[in-house]
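**Q** Okay, sequence plus prediction incoming.
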Amino acid sequence: METDKKSPCLQPGYNDEEPATQQVATTELFRTSRSWDGAELPDYPVGRPELVAMKYVFPAGVKLALHHHEVMNFGILVQGELTIVAHDGREKTVHAGEAVVEMVGTVHHGENRGTEPAVLYMFYNAQKGQPLSVNC
């Protein structure tokens, strides 16, 4: 499809400056269509998205209630370690600096079996009014 509009990057004066001499380091943490347990992620729902970013701090020794997620979500653990336990006993332990794609529709819970707080940033692909998790 052709268009008469020019890319904003091609507009005069937009990109006339010299690029920075130091480059930004990038590392792809994951690219997947599956959750950590290997299950395929669902299709996106129809409608306007509501993206939600959450920070969770799990005290050492805490064990969450059984729950499940209705929306796709992923995150990165920035401190400590966190173990996700599926209802059938499968486990995934995430360590600081690692990313995780959560299960959708599968009952599970999280545990901090470590000796320090675990800090997790999660990103949810929801729709307005949709719960991020549902306790069992």
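**A** Looks like it arrived, so ask away.

**Q** residue nearest the centroid of the protein?
**A** Closest to where the C-alpha atoms of the chain average out (C-alpha atoms, centre = their mean) is Phe74, at 1.8 Å.

**Q** List the residues that contact it.
**A** Contact partners of Phe74, counting by C-beta atoms under 8 Å, 6 or more residues apart in numbering, are 30, 99-102, 122-123. Glycine gets a C-beta too; all of them are placed from N, C-alpha and C.

**Q** what about 6 Å?
**A** Contact analysis of Phe74 by C-beta atoms under 6 Å, 6 or more residues apart in numbering lists 101, 123.

**Q** Could you number the chain from 8 rather than 1 from now on?
**A** From this message on, residue numbering opens at 8, which makes the last subject Phe81.

**Q** So for it, what pLDDT did the model give?
**A** Looking at Phe81, its pLDDT stands at 98.

**Q** I'd like to know how far it sits from Leu36.
**A** Distance, Phe81 to Leu36, using C-beta to C-beta, to the nearest Å: 9 Å.

**Q** Wait, His75 touches Val114, no?
**A** Yes: at 5.0 Å, His75 and Val114 qualify as touching, with contact defined as C-beta atoms under 6 Å.

**Q** Can you read off the backbone torsions of the residue nearest to the centre of the chain?
**A** Main-chain torsions, Phe81, degrees, to the nearest 10: phi -150, psi 160.
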